[in-house]
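K.L.:
What would the 3D arrangement of this be:
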Amino acid sequence: MKEPIFLVLAVLFASVVLNVTAVELPKGINLYCKDKSCCDVLVVDPSAGLPEIKKSYRKLSLQYHPDKNSEPGAEEKFIEIAQAYSVLNNENLRKAYDEFLANPHRHLWQHYGNYYKAYYAPKSDLRLVFLGILIVVSAIQYSSAKFKRDRAVRAILDHTKTKLFMKQRVYEMGGKSLNPKKKEDAAELKRLEAKAEAEVLERTEVDGV
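P.N.:
Residues are numbered from 1 along each chain as shown. Next up is the predicted model:
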């Protein structure tokens, strides 16, 4: 028996509508609630306010909580509900999500940018954030400069001529009469060597710092 013509047309119309909908949905929808609407997951209207969203979340989370619901798929549903709530309950994410759905044909990178900007939006004073960034950058610059200077100093002190000069200076400052095997003399030798190093560095310009 052939299907009624109106039923065939209805099926074709539904297919066309579904295809158009699939094309118009943003491809990056998995950023928020994967392939579902966050509002549908929480069973709320898109215009729902925060009190209604919280009420629905409490009801659904209790219904599908793994400790109270052992049915297959309950845990996945609970995670899905929590994810939808985290989007709709957050002012920045909600704004980005609404923008995301209202402009499905924008470039995907714009949607990703809006999402991560909203997700990582600072919760504290921006001035403190910038101050923190400035401190970190300054610390990195200082560490880099110090490393370069230490490397330059070591290169100077390890040079053969420098070692000979330092040895000569230690002797001139009284190191020749000291016995390195004696504790007191060994300490004095280290002091003279440090003084000789300082003299070398005072005469040498270490570029960078």
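
K.L.:
Look through the chain and tell me its longest helix.
P.N.:
Ranked by number of residues, the top helix in the chain under DSSP state H is helix 126-157.

K.L.:
Okay, buried residues for the following helix or strand past it please.
P.N.:
Later in the chain than helix 126-157, the nearest helix or strand by DSSP states H and E is helix 160-172. Within helix 160-172, the residues that qualify as buried are 162, 166, 169-170, counting by 16 or more other C-beta atoms under 10 Å. Using the backbone N, CA and C atoms, a C-beta is placed for each residue, glycine as well.

K.L.:
Measure how far the longest helix of the chain is from the centre of its chain, please.
P.N.:
For helix 126-157, the distance between its averaged C-alpha position and the chain's averaged C-alpha position is 21 Å (C-alpha atoms, centre = their mean, to the nearest Å).

K.L.:
Would you check that residue 117 makes contact with residue 96?
P.N.:
Yes: between residue 117 and residue 96 a contact is recorded at 7.3 Å, counting by C-beta atoms under 8 Å.

K.L.:
Those two: which has the busier surroundings?
P.N.:
Set side by side, residue 117 and residue 96 give different neighbour counts by other C-beta atoms under 10 Å, the larger being at residue 96 (23 against 11).

K.L.:
Name the nearest residue to that one, sequence neighbours excluded.
P.N.:
Computed as C-beta to C-beta, 6 or more residues apart in numbering, the closest residue to residue 96 that is not its neighbour in sequence is residue 118, at 3.9 Å.
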